[in-house]
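Engineer: Provided below are the primary sequence and the corresponding predicted coordinates.
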Amino acid sequence: MITLEYLEDRLWTAASILWGVFSSDDYINYLFRLLFLKRLSDLFEEESHKAKPRFFIPAISQWNYLQQIPENIGQALNEAGRAIENYNPGIRELQRIFINYNFEHSHSQVDIKKQDQVLRQLIWHLSEIKLQNKYFGEPDLLGKACEYLISQFAANLGKKSGEFFTPQKVAELLVSLLEPQPGMSICDPFCGFGGILTECIKQIKHLENKPNDLLLYGQDINQNTFSLAKINLLLHDIFDFDIRLGDTIREPQLVENGNLMLFDRVISNPPFSIRNWGDELAKFDVYGRFRYGIPPKGSGDFAFIQHILATLKNTGKAGVIVPLGVLFRGGAESEIRRRIIESDLIEAVIGLAANLFYGTGIPTAILIFNQDKEEVRRNKILFINASNEYQKSRNQNYLREEDITHIITAYQAFQDEEGYAKVVAVEELAANEYILNINRYVLTPKDEKDKIDIKAEILKLRELESQRAEAEKDINKYLRQLGIKLSD
C-alpha cells in the first residue's frame, strides 16, 4: 500500500526533474497536468470492469500509450488532453482543462529536444507511482499529497502565488468557522487554486453518520488558475462541482435567469486591495450589488465583499479574509463600512498574525457575515485578537491546531475573554465612528503592558514641571548669593 510520506516524496522528486530547465511558472502547470492525466488513466483502468465508468479515456490519452511517444511529446500531451475533453462532452468538470493549455510552450523557451527529454523523464518517473484507489493506504491520499506539493510550490513562488493559494491551515480555520453542513451550497467567487473548496469537502467527510454531499461552486478570472482549480478538486476525488471562468465583478458567471445565484455559505480569500476592479460598471450594476456604496477605484476590497453579500441566501453566512485596511480606511470605504455595520451583517472580526500568507507579510483579518443572527448576537460584533497566535518559521508564520481551536471556541462562545475577545455593541462602534480596529476593543496582555495611561502621564509631567520650577528657584537663589546677576 502507498503511504502519504512515500507519495509526497515521489511527487517532490518529480518536481525536481523540472528544476533548472523550466521556469518556476512552469513547474505546477506541467506537473499537475501530467499527474492528472496519470490519475485519470489509472482510474479508468481500475473502473473498466464497471458497466458505466465515470468517464472514458481514449487510447491516445492512456498512460501506457504516452509512455511510448518517442518525440514531440508536448504535442502528444496536447492531443491527449483535448481527446479527453472531446470524448466526455457531458462531463462539465473535465471541460476546459487542457483546451487552452499548450504543453509545447514554456515560459523559459526550452528547445523541443530538451523539452522532450525532460517530459519523457517526468512521464517515466510518474509511471512508477500507482494512482489507483486500491493502492492507497488512507482516504484522499492523493489529495493530501497534492496539498503538500501546492504548499511547497507556493512557498517557492513567493509573491506570485499569494493571490492563488490560501495556506492550508488558514483555509481549515476559515471553513471551520462557517461549519458547512451536508446538502449546503458553497461558493468561493475568487477560488484561485480551489483550496477552500477542497477543505469544505474534507471537513464534511469527518461528520459521522451524515452524507458528505455538498454543492460546490467557484469562479476565477485567470484561465490557468481556473484549470488548475478543477484539477485540484478532481485529484481530491471530487467529481461534482461547478467552477466558472471570468471576472467575478465585471462578468459574474454564477447566474440563473438573469439573477445572481444564492448560496448557503460563501467562503473566500479575495485578492487584496486590487486597483481597477470594475468601478466603471458599478453605478449601473444590473445585479444591484453595490447597495452599500461604490468603493474607490484604487481598492476593490469592498467591491468583493459586497458581491459576496449579494450572493448569500437569507439564512446564509460568509467568511472573508481581508487586509486590515478594510477595518479602518476612510472616505467612501468608511461610509460603506458604516452601512454594513448598521445593517447588522457582521458577526465577528478576527485578527490574524502577520506573515501567514504566501508572498505577503501583512497582517489580515477574517470577517464573518451572518444574514440570520441569533437573537443574542444581534446588533453586536465579536472581536477576537489572535494576532499573537502562531508558530514562527524561517520565512513564514503558521497557525497551529491549538490556535485554530482557540479561535473557533471563542467565536462559538461569543463572549468576552480578557486579552483575547470582546463583544461590542453597535452603539459603541458608532461612538468610534464605525472603525473596526481590533486593538481599539481588545488589548492583548502585551498591548496592555505597552498601553499608555494618558491621565497618569499628564500628572507625572505636571509633577516634574513643579519639581523643575522649585529647582530653578533654588539655583537662582544660590546665584544671587554668589553675586551673579541674572539676565531678564
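Structural biologist: Here it is on my side, so go on.

Engineer: please name the nearest non-neighbouring residue to G361.
Structural biologist: Setting aside the residues directly before and after it, G361 is nearest to N355 in space (C-beta to C-beta, 6 or more residues apart in numbering), at 4.4 Å. Just so you know, the C-beta spots here come from the backbone N, C-alpha and C atoms, and that holds for glycine as well.

Engineer: next one: Q121
Structural biologist: I17 (5.4 Å).

Engineer: surely that neighbour and L119 touch.
Structural biologist: No: I17 lies out of contact with L119 (C-beta atoms under 8 Å); the separation is 9.2 Å.

Engineer: those two: who's more crowded?
Structural biologist: The neighbour comparison of I17 against L119 (other C-beta atoms under 10 Å) goes to L119, with 25 against 20.

Engineer: secondary structure element holding the more buried one?
Structural biologist: Under the criterion of DSSP states H and E, L119 resides in helix 112-127.

Engineer: send the alpha carbons of that helix over as PDB?
Structural biologist: Extracted in PDB, the C-alpha atoms of helix 112-127 (Å, rounded to 0.1, in the frame of the first residue of the first chain):
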ATOM      1  CA  ILE A 112      12.000  21.000 -28.400                       C
ATOM      2  CA  LYS A 113      14.700  18.400 -28.000                       C
ATOM      3  CA  LYS A 114      15.400  19.400 -24.300                       C
ATOM      4  CA  GLN A 115      11.700  19.600 -23.700                       C
ATOM      5  CA  ASP A 116      11.200  16.000 -25.000                       C
ATOM      6  CA  GLN A 117      14.000  14.800 -22.800                       C
ATOM      7  CA  VAL A 118      12.600  16.300 -19.600                       C
ATOM      8  CA  LEU A 119       8.900  15.400 -20.300                       C
ATOM      9  CA  ARG A 120      10.000  11.800 -21.100                       C
ATOM     10  CA  GLN A 121      11.900  11.600 -17.800                       C
ATOM     11  CA  LEU A 122       8.900  13.000 -15.900                       C
ATOM     12  CA  ILE A 123       6.400  10.600 -17.600                       C
ATOM     13  CA  TRP A 124       8.600   7.600 -16.700                       C
ATOM     14  CA  HIS A 125       9.000   8.800 -13.100                       C
ATOM     15  CA  LEU A 126       5.200   9.200 -12.700                       C
ATOM     16  CA  SER A 127       4.800   5.700 -14.200                       C
END
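
Engineer: tell me the mean pLDDT over that helix?
Structural biologist: Averaged over helix 112-127, pLDDT sits at 93.

Engineer: which helices and strands does the following helix or strand past that helix pack with?
Structural biologist: Per DSSP H and E, helix 112-127 leads on to helix 141-157 as the next helix or strand towards the C-terminus. Using 3 or more C-beta pairs under 8 Å, 6 or more residues apart in numbering; DSSP states H and E as the contact test, the elements touching helix 141-157 are helix 4-18, helix 24-46, helix 195-205, helix 223-235.

Engineer: tell me which of those helices lies nearest to S127.
Structural biologist: helix 24-46 (7.7 Å; C-beta to C-beta).

Engineer: buried residues in whatever helix or strand comes next after that closest one?
Structural biologist: Note on helix 24-46: by DSSP H and E, the next helix or strand toward the C-terminus is helix 63-66. Neighbour-count burial for helix 63-66 flags W63, L66 (criterion: 16 or more other C-beta atoms under 10 Å).

Engineer: packing partners of the next helix or strand after helix 63-66?
Structural biologist: Moving toward the C-terminus from helix 63-66, the next helix or strand (DSSP H and E) is helix 73-87. Helices and strands touching helix 73-87, by 3+ C-beta pairs under 8 Å, 6+ apart, are helix 24-46, helix 63-66, helix 112-127.

Engineer: for the shortest one, give the mean pLDDT please.
Structural biologist: So the one you mean is helix 63-66. On average, helix 63-66 scores 97.

Engineer: how about that helix as CSV, C-alpha atoms only?
Structural biologist: Provided in CSV are the C-alpha atoms of helix 63-66 (Å, rounded to 0.1, in the frame of the first residue of the first chain):
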residue,chain,number,x,y,z
TRP,A,63,-0.7,6.4,-19.9
ASN,A,64,0.8,3.3,-21.5
TYR,A,65,0.4,5.0,-24.9
LEU,A,66,2.0,8.2,-23.7
